[in-house]
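Student: Mind folding the following:
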Amino acid sequence: MGDATQTFLTPEQQAAAMTPLPPFPGSAMTPLGPPPAPGGSVHLLRMAAGTRIGSHTHPSAEYVRLLVGELETGGRRVGAGTSWHTPAGCAQGPHVAISDVQLLTVRLGPMGAFAEGG
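Tutor: Numbers count the residues shown, from 1 in each chain. So this is what the prediction gives:
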């Protein structure tokens, strides 16, 4: 298997690597490993209670799991442990953090030009 090795990130390392998302005050994300596909990402997204990310689309599919908290997404209220898949080009959101939340997202390609529609 060559020189492949596992990569570990402690909670402290993840917190230190958090990058704020200026268009969405109260949100920040950090990559958790190498991309699963060209332009893709595996990342942790944190949203403070009250943070809103409007309706939008991405040109690639996403898989999401809500790890902590409660979120309203597309008018559906979901809690920790809920997972969902959004196909490429499918409208999603808006996402509204009811409490502080943490989401694990696997995106299978580029994010694309992010445009809020909601």
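
Student: Give me the helices and strands touching the host helix or strand of Q102, please.
Tutor: Element membership for Q102, per DSSP states H and E: strand 101-107. With contacts defined as 3 or more C-beta pairs under 8 Å, 6 or more residues apart in numbering; DSSP states H and E, the packing partners of strand 101-107 are strand 41-47, strand 62-68, strand 70-73. Bear in mind the C-beta positions are built from the backbone N, C-alpha and C, glycine included.

Student: In its sheet, which strands sit next to it, and in what direction?
Tutor: strand 41-47 (antiparallel), strand 62-68 (antiparallel) (DSSP bridges).

Student: Next, format the helices and strands packed on strand 101-107 as TSV and append mean pLDDT.
Tutor: Shown next, in TSV, are the helices and strands packed on strand 101-107 (pLDDT from 0 to 100):
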stretch	mean pLDDT
strand 41-47	96
strand 62-68	97
strand 70-73	97
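
Student: Kindly reformat these as TSV containing distance to T19 and mean neighbour count.
Tutor: Shown next, in TSV, are these (distance: least, C-beta to C-beta, whole Å; neighbours: other C-beta atoms under 10 Å):
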stretch	distance to T19	mean neighbour count
strand 41-47	10	20
strand 62-68	18	17
strand 70-73	20	19
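
Student: now for these, which one comes closest to T5?
Tutor: Of all the helices and strands packed on strand 101-107, strand 41-47 sits nearest to T5, with 16.7 Å by C-beta to C-beta.
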